[in-house]
Each structure stands twice: as structure tokens, then as C-alpha cells.
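Visitor: Give the three-dimensional model of this entry:
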Amino acid sequence: AAGAAGAGPAAASKSTIRKSALLDEALEHFAAALKIRRRRYEETHPLVQVLLCEMGFTHHLRRDYVQSESMLKAAMAFRLKQPDDQRNPTHDILIYQALTEASTALGNRVMAGLYERKMHEMIGAAVRAAAGPAGKKDTALQASGVTEAAPSVVSAPGPAPAAAPAAP
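Guide: The predicted structure follows:
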């Protein structure tokens, strides 16, 4: 049992290194694909912006928030030029969520707040659309318990919460 306990951190470290190597490999493949797509299509083509999103999400997983934010902002700029009926709101929400997290990690609370507000607006619109014209809730949403926008992921600076009183 003692050997198993000692192997835990080493195994976790190997797992982290393996994940990092896989993410690096994915980025190499995405970069090669992006080069090809940029030769074939205009920069605003959906197949180009999808790769920008995937690369941004991959940088996010690597915790490279500067690159993640840069690529996701570029992808979102293209997405916002598309007609609403050609965009997937769920994908937009995920992009705004990643941008919120990246901006928070980079210490840019103003941008994080703006991205978060936009994300919540989109979630609210999706919930209202699912409710339908008569206000009836979509059964899938009811089953999931989603009735309104998610709580904030960007907390305001302030004092630390008070410690719970010690039990007698």
C-alpha cells in the first residue's frame, strides 16, 4: 500500500506530461490544417474560423491564456459578422466562457466582466427561445434544471469569507 501511495504524484505527473504532449501535437496538426485552409479559403470562411476556435480552446486547455484569448477573439470577430441564423449559439457561449476565464486568469477583470455579461445574455436568450412563445419550458431544459443564466464565474474583489465558528 505504501508503494501505491508513493506512485500517485509520479503517475499524476506522467499523466500531465502526456496530456501536455497530446495538446502540443494537436496544435501542430491544427496549425498545418489552418495553413491549408487559409490557402483555399478566405480568412472569414467558417472552416477557417472553426480551426481558430479549436486552437483557442486547445491553448486554453494548456493554460496559455494569451494565445487562447487572441485566437478566440479572432474567431469571435468572424462569427459576429455572420448572420445569426448561421451561428451556433452554444458555440458562441463556449467561446465567451473561455474568453471570460482567460481574461480573468490574465488579470483583465474589465474584459472578463464584458465577456461574462455577453455569455449570460446569450444563455438567457437560449432559455427564452427554449421556453417558446407561450412561455412553456422545453422539456430538455426542464429535465436539466436550467431555468436561467448561470451564476457569475468572475467574482468581485473583496474581503475573504469569515471562517465558520469552531464546534464546541
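
Visitor: Any idea which helix or strand in the protein has the lowest mean pLDDT?
Guide: Lowest on mean pLDDT, DSSP states H and E among the helices and strands of the chain sits helix 139-144, with a mean of 51.

Visitor: Let's verify His120: helix, strand, or coil?
Guide: helix (DSSP: H, G, I helix; E, B strand; the rest coil).

Visitor: again, but for Gly107
Guide: Secondary structure state of Gly107, per three-state DSSP, is coil.

Visitor: what's the pLDDT at it?
Guide: Note for Gly107: predicted pLDDT of 90.

Visitor: Now it. Its backbone dihedrals?
Guide: Backbone torsions of Gly107, given as degrees, to the nearest 10, read phi 80, psi 10.

Visitor: following the longest helix seen in the chain, which helix or strand comes up?
Guide: If you go by DSSP state H, the chain has its longest helix at helix 2-40. Heading C-terminal from helix 2-40, the first helix or strand you meet, by DSSP states H and E, is helix 46-61.

Visitor: which helices and strands sit right next to that following helix?
Guide: Helix 46-61 sits against helix 2-40, helix 65-81, helix 89-105, with contacts defined as 3 or more CB pairs under 8 Å, 6 or more residues apart in numbering; DSSP states H and E. C-beta coordinates here come from the backbone N, C-alpha and C atoms, glycine included.

Visitor: Skipping adjacent residues, who's closest to Cys53 in space?
Guide: Using CB to CB, 6 or more residues apart in numbering and skipping the chain neighbours, the partner closest in space to Cys53 is Ala75 (4.5 Å).
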